[in-house]
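Engineer: When you get a sec, could you give me coordinates for this:
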Amino acid sequence: MDKHTVLIVEDEIVIARDIKRTLERSGYSVSGSSATGDGAIKKAELLKPDIVLMDIVLKGKMDGIEAAKEIGIRYDIPVVFLTSHDDEHLLNSAKTAEPFGYLLKPFNDRELRATIEIALHKHKSERLLKEERDNNSGLVKKLQDALNKIKSLQSRTEDQLKSSIMEKEMLIREIHHRVGNNLQIITGLLRLQYKCLKDNGYMEAFRTTQNRIRAIALAYEKLFRSDKHGVIDFIDYLGTLAKGLFSYYVTDSSRIILEIEGSKAPMGIDSVIPCGLIVNEIITNSLIHAFPDDRKGEVRLSVTLRDEDVYELIISDNGIGIPKEADIHECESLGLQLITGFVEDQLEGELEIIREEGTKYKISFKELTYGKRV
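Structural biologist: Next up is the predicted model:
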């Protein structure tokens with residue numbers, strides 16, 4: 001029997017990769033992924049998946065609800081919504097797209113598989129019912145009974161969801177969304193790192209993973225202390241992050257010097273966290289690999305705002321440099337995979353690596369903007 005194919009629509013790259021691994025472990029085939037509603041519609045037309053797993057809140061002008069409506073109308077492909085929100089307003093809005101299921105993040109393998117199987121079965125039943133309704137009233141009756149059973153099961157699921165929503169009404173909606181997503185990021189990072197472990201590299205892998213988690217935690221600490229909702233001082237955050245990495249890896253502060261340039265730059269938390277993880281990976285690589293045998297040098301970090309709201313983030317060192325023949329898009333290093341993934345997929349920015357007198361990472365991007373959260 002051929003595997004059912006799944007299209008993943010999720011704007012958090014780590015969550016998308018974690019869902020992909022979970023699906024493949026459960027016997028499904030992931031035909032592709034997208035981070036935007038427009039991209040999801042195009043890939044649905046091209047790949048014709050059996051089912052779409054759709055995050056409701058997406059980057060860009062089109063959210064998951066609008067994209068699900070278009071995919072259902074144009075291609076008759078069932079959609080299951082993924083969300084960290086759990087309020088009644090969201091549930092009612094999502095119903096207008098006539099989804100085939102809902103999943104609240106974080107979810108486990110069993111919940112994901114059960115929801116997909118119910119959605120596929122319901123979609124198959126509805127399709128058969130539509131094809132045979134005019135030709136065989138007996139078959140229509142049987143299919144209607146099956147559909148009623150599925151609807152009854154779905155109704156019970158929705159009742160459980162509503163009950164869960166009532167229990168969580170005291171939680172602050174916006175904080176729940178952010179913390180829920182980033183807990184899923186932490187889980188995904190740990191799973192991805194586990195795949196890269198070697199016997200003699202366990203401690204180093206554990207240390208780098210700890211620092212990734214610290215980068216996220218520091219952003220929330222700065223957010224808690226900020227007097228602006230959802231916004232922190234970008235250069236202050238990066239400076240604190242970089243100094244923390246230096247204190248962690250550099251025992252002689254006179255051997256490797258840190259230089260930070262940039263003026264105060266308010267930025268939303270949705271852009272700050274991927275930037276923090278990028279800086280964490282690059283500076284960690286520099287401190288571990290760029291200055292062997294007690295070599296002296298410096299690491300520079302700068303942030304500038306160019307025309308049209310384009311940020312330019314530069315991290316450089318004057319160490320031994322990355323070999324010119326090395327292709328960062330084909331390497332096996334999880335750190336470099338995360339750098340390219342966060343820059344190109346999540347920030348939708350541009351990455352340039354200059355390998356002269358050390359290594360310089362030049363990253364250009366626009367601050368992520370989301371529509372109003374429902």
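Engineer: alpha carbons only for contacts and neighbour counts from here, please
Structural biologist: OK.
Engineer: pull the longest helix from the protein.
Structural biologist: In the chain, with assignment by DSSP state H, the single longest helix is helix 137-167.
Engineer: Okay, buried residues for that helix please.
Structural biologist: Residues of helix 137-167 classed as buried: V140, L143, Q144, A146, L147, I150, Q154, L161, K162, I165 (neighbour count, 16 or more other CA atoms under 10 Å).
Engineer: do the same with stretch 99-119
Structural biologist: Across stretch 99-119, burial judged by 16+ other CA under 10 Å covers 99-105, 112-113, 115-116, 118-119.
Engineer: Show residues contacting that stretch.
Structural biologist: 22-23, 26, 51, 68, 78-86, 122-123, 150, 154, 180-181, 184 (CA atoms under 8 Å, 6 or more residues apart in numbering).
Engineer: Going by residue numbers, what spans are helices in the chain?
Structural biologist: With DSSP H as the criterion, the chain has helices at 13-25, 37-47, 64-75, 88-95, 109-132, 137-167, 173-196, 202-225, 234-249, 269-285, 334-340.
Engineer: Can you tell me which of the ones you listed is nearest to E352?
Structural biologist: Across the helices of the chain, E352 has its closest neighbour in helix 334-340 (10.2 Å, CA to CA).
Engineer: Where does pLDDT dip in the chain?
Structural biologist: Applying pLDDT under 70 to the chain flags residues 1, 86, 133-140, 163-181, 183-184, 187-188, 190-191, 193-203, 205-206, 370-374.
Engineer: Now do the domain split for it, please.
Structural biologist: Domains of the chain are assigned by automatic domain parsing as 5-167, 201-366.
Engineer: centre of the chain versus the last one, how much separation?
Structural biologist: Domain 201-366 has its average C-alpha position 18 Å from the chain's average C-alpha position, going by CA atoms, centre = their mean, to the nearest Å.
Engineer: Ok, stretch 38-45 next?
Structural biologist: Distance, centroid of stretch 38-45 to centroid of chain: 18 Å (CA atoms, centre = their mean).
Engineer: and that stretch, which residues are buried?
Structural biologist: Neighbour-count burial for stretch 38-45 flags D38, A40, I41, K43, A44 (criterion: 16+ other CA under 10 Å).
Engineer: dump the residue contacts of the closest residue to K296 other than its chain neighbours.
Structural biologist: Leaving aside its sequence neighbours, K296 sits nearest to R255 (CA to CA, 6 or more residues apart in numbering; 4.8 Å). Applying CA under 8 Å, 6+ apart to R255 gives the contacts D294, R295, K296, G297.
Engineer: of those residues, buried ones?
Structural biologist: Judged by 16+ other CA under 10 Å, buried ones among the contacts of R255: G297.
Engineer: can you redo the contacts of R255 as TSV with distance to L368?
Structural biologist: Formatted as TSV, those follow (distance: CA to CA, whole Å):
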residue	distance to L368
D294	40
R295	39
K296	37
G297	34
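Engineer: Nearest to K243, out of the contacts of R255: which one, please.
Structural biologist: Among the contacts of R255, G297 lies closest to K243 (CA to CA), at 15.6 Å.
Engineer: Run a quick check on the closest one versus I320, I expect a contact.
Structural biologist: No: counting by CA atoms under 8 Å, I320 is not a contact partner of G297; they are 9.9 Å apart.
Engineer: which residues are in contact with both of the two?
Structural biologist: Common contact partners of G297 and I320 (CA under 8 Å, 6+ apart): F291.
Engineer: For stretch 320-327, which outside residues touch it?
Structural biologist: For stretch 320-327, contacts defined as CA under 8 Å, 6+ apart pick out A290, F291, R355, E356, E357, G358, T359.
Engineer: Would you mark the buried spots in that stretch?
Structural biologist: I320, G321, I322.
Engineer: Same question for stretch 286-306.
Structural biologist: If you call a residue buried by 16+ other CA under 10 Å, then stretch 286-306 has these buried ones: 286-287, 290-291, 297-305.
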